[in-house]
Structures are given as structure tokens and as C-alpha cells.
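> my questions are about this predicted structure, shown below with the sequence.
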Amino acid sequence: MTLNVLVRQDILTSWQRCVVAGLRPDHFEVPYQPDFDHDGPLRWAATPILDQVADELEGTGVGLLLTDARGQVVDRRAADTGILTRLDHIELAPGFVYGESLIGTNAIGTAIAQQAPSVVAGAEHFADALTSMACAATPVTDGAGEMIGVVDLTCAAEDFNPLLLPFAKRAAREIGHRLREGVNLHRLPARSWLSLTDTERTVAHLAAQGLSSRVVADCMGLPQPTVRSHLRRVFRKLGVGSQVELARVIEQCAARARTMAAVDDTRQRIERDLHDGLQQRLVTLGLQVRAAEASVPPVAAELKWELARVAEGLMDVLHDVREISRGIHPAILSERGLEPAVKALTRRSPVPVDLTVRVAGRLPDRVELGAYYIVSEALANVAKHANAQMVMVSVELGRGVLSLSVRDDGVGGANPDGSGLTGLRDRAEALGGTLTLTSPPGRGTSVDVRLPAAPR
Amino acid sequence: MVHNRGVPAWSGTLGTAPQGRRGTTVVLADDDVLLREGLASLLDRSGFEVLGQVGNGTELLALVRSARPELAIIDIRMPPAQATEGLQAARVIREELPGTAIIVLSAHVEVDEAMELLAGGQGLGYLLKSRVTDVAEFIETVERITAGASVVDPSLVQELVRARRRRDPLDVLSPREREVLALMAEGASNAGIARQIYVTEGTVEKHVRSILTKLDLPESDTEHRRVLAVLRFLDAR
């Protein structure tokens, strides 16, 4: 196509993506999916900010949109019917997916594709149907620096104003803040190894030993400026300012992991002893009492009865030992893995469970154990405090990441500093993962954990 | 927890001869010698003929092949790995000597192991080790298995049935039907169920048909297939 006007580089790049994806400017069809997350942490964090921004946009003819990380609209504010009609006309409404690969260059989709703010006005849109509009969109990021949604301001092309982008950025920043505050940051920020790439992790470990960036570069066969830039990213992601701090943080994490491993090993030993030793002996004793009972002559019926009761009592003790042993270390986890263990766990929940488990194969012991304890503790918290009608549990293995989620529909307002939750956070962090707590009062509690996990 | 529904089990009727099937031959495999001895003594008192006792899977197979017992009672956890050697041994015995009834005892019961064992056909039982001390019930269960029944420990079935799920498929069943379903999962025959809940066998058959229809389960020609179908259903929900 020929143009007699200058086109910005990022728009050109976006158009190229559209052409490669086989899109046509005269074809405009926005996919709709009714099943969207209209009640998740993003919308919860965003709602008060969106309300406020919507107030500020009164009378401007600008519409405000919030989408998730794929571009599906989860919320919308449109002050006057004029802009509302236009938004409906281009299907920019909750449930519709405004991805660049689906409908071509647009601020939302392009911001997601380039992971950076985007302004698309008038004819810069790929699809003809959108050329009467203009929009400015910017990503919303969570505590780990990951993009989890997009804030977008859209208006008629003739109403476009360059101040829209800074306005959107401010809203996105505030939403990001609220999300992070929902996570417990009253202690040190969650140090997430998850957010580091493998290269960054290697750089971090070498740098923490006090090696200069030149030595690290030699070790890794990389140019020194590259190593320096990796290191800067590591510092930013882990929230440290120097190699000394980095070393301290890494040592702290390692120390915590060692302590936790030692505790877990002890528990496993105790369970073994309980299982192998105690339970066997109780059954043997029971058999001995039954043998004694059988040898009592019928004339001593009372004695027979008493011995029968002793045998009964022994089995009650055995039952209790079995229950305790399960709480200490579940044998099924070591023997069969995470999926059967979590299924058994959810069967015992007094609150009805909606369970999804997608973990193929075994994972390293520490990860399976940590994941099990986290789900177990979270369920126990639900039973004790949440007053919930039901709880959704999901355990899914993605690429190198095990995601755990326990969400109830109870009273919410969980105290992030409560002993139950700090224990969970410690476990997650000792494994190099993250824990996110979302618990608006009256609106249920959601514990979301992500752990690095390579199959074994 | 009262172990067997409130009544202490007596280990023998007043002075008369033990009621085990006359002379059913049995071998025992458990690496805990004391427990093995206690169990052998119990079986002996109850009229069984204990042909031998061993402490690991290899010796068990050798003994079964040479002595050809009608029944083998096996601990699931034995040397060398102390994991599920008992299940492996059961599988081999099944292949070589399919008429042998097998009972696998375990310190804790898991549904995957139950299903793995019972897939082997008839005359198979998966029980909590502590069941052996409920003498009368245990002996009766042993006799049923030797006669070809499939048995799953009631505590496992209870755990599966009691699981509370949102949108539970079991909600379509009446309380009586849930009771019957649990007994089906334990491996009881229709006659056995009728005795347990004090109704006629005909009534049980009606309940069973209703349950199979409501849960969309297949009609099974054999009891062990029925048990498997129900277990699989309960585990999957």
C-alpha cells in the first residue's frame, strides 16, 4: 500500500505482524467469550481506580477500558451515550477479545504484543472499521513485573488528545499499586526467583560470590555489557541495590530453604517411624489380645468381653495414630505423587471442593511436598476461618511453573500477617516461588502460588 | 471412632469349633515376623491351614508356586523397596495361578491401589491391616474372597463417598441409594447388601438398577467389574 504520510515505526511493525497473521483490513470480527474473569484480582484492584478516572472523564467523550493480559475486556466505563454507542459499534465491550492477531493494530492489542504503551489513532488502525477511533493503552503490571492487564482510553479520532496516554499510565500505575498492596508487603517484598530467567539466575549466583562483571562475563562467555545489563535487571527484580545485598538475599533464601528441608526430613522420619513401627505393633498387640480372648473358656464370659474391648480400644488408638501420621507426612505423596495426594486431601475438606488437577508425572520431592503443604494449609484456613460455601482448588503444571490456587467464597478479609499465611509465604519463597493473597472483605479469599518446577 | 459399628467382635463362639472353611489352604507374606505369627495363629484357630509364611515377594512367589494355596494374604509393603511389592507379587500370582484368591493388606488405603488390584478379576481383596483384629468379620471376608468375591475396605469407600464436591453427581441419589452405592463399592453382593440393610434381595436389585441408571454406570456382569466401575466413578467426581 502506498502512503503519503509518515508512519511511526511501531505502527509499521504492528502492521507487518498483521499481514503475516493473514488479517485483512476489510474484515473485522471481534471474538466474544462469555466466560471471563469478571471477579478476579485484576478487576477487584482496578474498580475504585476506574470509578475515579471515570468521574474525571465526565463530559470528555472518552471511554475507559480494562482488559486482561490477552486483551479480553473485563470492565468498561463510558460517561456519555455518544461514546458508549461508538464503543458498542466496534464491539469494545466486556467479554470481547481485542487481540492484535485477531483484529489488527489497535492500542490494546498492540500494547500487549509489544509489552509497552501504545497509541493508535485513526488510519493507523489496521482494520478499516476502527479508523474513526483513536486510543491510548498501557500495560498493568503486578508485583513480579508481569503484565496482567491493560488500561485503555478510547475516543473518536477527532477528539484525540496526546494527554490520553499519560492519563492511562497514571491509572495503570495506581491499579498496579493496589494489586501489590493486596499482596502482603508488610515485611520484605516477595523475592521472586520465578521472575528471573535462567541466565539471570546464573548471573545472580556468580555475582553474589563477589565476582566482578568482567569475571562473570568470562565465566559465561558473554560480553561484559550484557552481563551488566542482566545484573541490573536482577537487582531490580529482587529489589536489591548492590552485590553485597544480593549475596545476603541469596544466602537468606538458601538458609530458609535449608531449614525447611531439615524440618520436612524430620517429619518424614517421624511418619515412617509412626507408620512402620507403631502401627504394626498395635496390630500385633491386637492379634495377641484376640488370641487370649479365644483361649478364655466360655464360663468366664465377662473376661472374654473385657478382652474384646481391649482389642477394640487398640484399634481406636491405631486409627488416631494413622490420622496423626497423615497430618505429619502423607505417605501417598511420596508413593504416588501430587495428584493422588491432593485428591485425597480435598476429599477430607468439610467445605465442598471444586477440584482441577493437571500435573502429568512426578516433580522434585521438595516441590511436591511444598505444594502439598501449601494446599493443605490453605484448605485448613478455609475450614477454620472463611465460613465458605465452597472452595475452588486448582493445581496445574505449566512450562516450568506449578500454579496452585485455593479460592473460597467466604468472608474474605484475611490477615496477610496471620501465622497461617506467613507460613505459606515462607514455604513458597523457600522454593523460589511467589504467593499472592487477595482477600477483599466480604468477597472471599484467594491464595495463588506459583512455584518453579521442572519435571523430574 | 467405634471400629465395627458398636459391638465388640468376639473371636470365637462359646466353645464350639471354629467357623472358618474347613482346611482352606493359605500362605502369608509380611516382613513383620510378630504380626505374621499373630495372623497365622488367628487363621489356624479359625480352621484355615497355613501352608507357609514368608517375608518378601521373591520368597512368596516361590512358595505359592510350590505349595499352590487357595489363598495368599500379602502385606503391600515388603523388602526390598518397601513400596508396593505386594501389588506386584499379586499381579504375578494372578498371571501364573489365576485361581488363587489374594488379599492385600495395607497400613493405609488408597483408591489407585484398590483399582489396580481389583482390575485383576475375582477373588481379590484390598484391606486395612487393622481389619485382621475384627476377627469374626475378617474371617467372613476372607471366606467371601476365597469364594470369589471382590472386597474393598469400607474406610476407603467411606472416604470416597463422604467427599464433598460442589455440584456433586451423587446428589441425585436418595440416602438409601447412597448406602447401597457404598456397599456396592465395598464389593458386597446383592444378597450381602440385603443382609446388611435388612431388606429383601429384590429391593436391593431395584435400588441397584436405579443407581446405575441415575449415575449412568454400566450394568456389570460380574461383581468385581461393578466394584471397579463404582470406585472409578467415586474417584473421578
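Alright, I've got the coordinates.
> domains for chain B, by residue range?
The record's domain split for chain B, according to automatic domain parsing, is B:25-152, B:156-236.
> could I get those in CSV, plus columns for distance to chain A?
C-betas here are computed from N, CA, C, even on glycine. Output for the domains of chain B, formatted as CSV (distance: least, C-beta to the nearest C-beta, whole Å):
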stretch, distance to chain A
domain B:25-152, 3
domain B:156-236, 4
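> okay if I get these as TSV plus mean pLDDT?
TSV is the format used below for the domains of chain B (pLDDT from 0 to 100):
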stretch	mean pLDDT
domain B:25-152	93
domain B:156-236	91
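> tell me which of those sits most buried.
A comparison of the domains of chain B by mean neighbour count, using mean count of other C-beta atoms under 10 Å in any protein chain shown, puts domain B:25-152 on top with a mean of 20.
> what's the end-to-end length of that domain?
End-to-end distance of domain B:25-152 (C-alpha to C-alpha, to the nearest Å): 22 Å.
> across the sheet, point out what pairs with A:Glu392.
Heads up, residue A:392 is Met, not Glu. Counting by DSSP bridges, A:Met392 is bridged to A:Asp354, A:Arg407.
> just to check, it is in contact with A:Ser405?
Yes - proximity of A:Met392 to A:Ser405 meets the contact threshold set by C-beta atoms under 8 Å, at 7.1 Å.
> tell me if the strand or helix carrying A:Arg322 is near chain B.
Here A:Arg322 sits within helix A:301-328, counting by DSSP states H and E. Yes - applying C-beta under 8 Å from any C-beta of the partner chain, one finds helix A:301-328 touching chain B at A:301, A:304-305, A:308-309, A:311-312, A:314-316, A:318-319, A:322, A:326.
> how many neighbours does whichever residue of chain A sits closest to chain B have?
Nearest residue of chain A to chain B, counting by C-beta to the nearest C-beta: A:Leu287, 3.1 Å away. A:Leu287 has 25 neighbours, counted by other C-beta atoms under 10 Å in any protein chain shown.
> hang on, the earlier thing: with distance to B:Ala83 added, can I get the residues of helix A:301-328 next to chain B in TSV?
Conversion of the residues of helix A:301-328 next to chain B to TSV gives the following (distance: C-beta to C-beta, whole Å):
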residue	distance to B:Ala83
A:Ala301	45
A:Lys304	40
A:Trp305	40
A:Ala308	35
A:Arg309	36
A:Ala311	30
A:Glu312	31
A:Leu314	27
A:Met315	25
A:Asp316	28
A:Leu318	22
A:His319	23
A:Arg322	18
A:Arg326	18
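> check contacts around A:Asp264.
A:His329, A:Arg366, A:Leu369 (C-beta atoms under 8 Å, 6 or more residues apart in numbering or on different chains).
> who wins on neighbours among those residues?
Neighbour counts for these (other C-beta under 10 Å) peak at A:Leu369, which has 25 neighbours.
> any idea how far A:Val367 is from the closest residue in space to that one that isn't next to it in sequence?
Leaving aside its chain neighbours, A:Leu369 sits nearest to A:Asp264 (5.6 Å; criterion: C-beta to C-beta, 6 or more residues apart in numbering or on different chains). As for A:Asp264, its distance to A:Val367 is 12 Å (criterion: C-beta to C-beta, to the nearest Å).
> ok, now B:Arg91?
Distance from B:Arg91 to A:Val367, by C-beta to C-beta: 31 Å.
> who touches the residue of chain A most remote from its centre in this structure?
Within chain A, A:Val299 marks the point farthest from the mean C-alpha position, 69.3 Å out by C-alpha atoms, centre = their mean. When contacts are counted by C-beta under 8 Å, 6+ apart, A:Val299 touches no other residue.
> next one, pLDDT for it please.
pLDDT for A:Val299: 94.
> wait, is it part of a strand?
No - A:Val299 sits outside any strand when classified using DSSP: H, G, I helix; E, B strand; the rest coil, being helix.
> which one of the residues of helix A:301-328 next to chain B sits closest to B:Asp30?
Nearest to B:Asp30 among those, counting by C-beta to C-beta, is A:Leu318 at 16.1 Å.
> neighbours of the closest one, how many?
24.
> distance of it relative to B:Ser130?
For A:Leu318 relative to B:Ser130 (C-beta to C-beta), the value is 5 Å.
> one step back: quick one: the very next helix or strand once past the helix holding A:Arg322 near chain B?
Remark: after helix A:301-328, the chain's next helix or strand is helix A:331-336, criterion DSSP H and E. Yes - Helix A:331-336 is in contact with chain B by C-beta under 8 Å from any C-beta, via A:Ala331, A:Ile332, A:Glu335, A:Arg336.
> now the second one, nearest residue through space, not along the chain?
It stands for A:Ile332. A:Ile332 sits nearest to A:Ala341 (C-beta to C-beta, 6+ apart), 4.9 Å away.
> what does the last one give?
Once its chain neighbours are removed from consideration, A:Arg336 has its nearest residue in B:Asp112; the separation is 6.1 Å (C-beta to C-beta, 6+ apart).
> helix or strand for that neighbour, which one?
Following DSSP H and E, one finds B:Asp112 within helix B:111-118.
> and the helix or strand following that helix, what does it pack against?
Beyond helix B:111-118 in the direction of the C-terminus, DSSP H and E gives the next helix or strand as strand B:124-128. Strand B:124-128 sits against strand B:101-106, helix B:111-118, helix B:135-146, strand B:150-152, helix B:154-162, with contacts defined as 3 or more C-beta pairs under 8 Å, 6 or more residues apart in numbering or on different chains; DSSP states H and E.
> and of those, who's closest to A:Asp128?
It's helix B:111-118; of the helices and strands packed on strand B:124-128, that one is closest to A:Asp128 (C-beta to C-beta) at 57.8 Å.
> other SSEs contacting that closest one?
By 3+ C-beta pairs under 8 Å, 6+ apart, helix B:111-118 packs against helix A:338-347, helix B:85-96, strand B:101-106, strand B:124-128, strand B:150-152, helix B:154-162, helix B:223-236.
> how far away is the residue lying closest to A:Ala311 once chain neighbours are set aside from A:Gly400?
Once flanking residues are discounted, A:Ala311 sits nearest to A:Val289: 4.5 Å by C-beta to C-beta, 6+ apart. To A:Gly400, A:Val289 is 54 Å away according to C-beta to C-beta.
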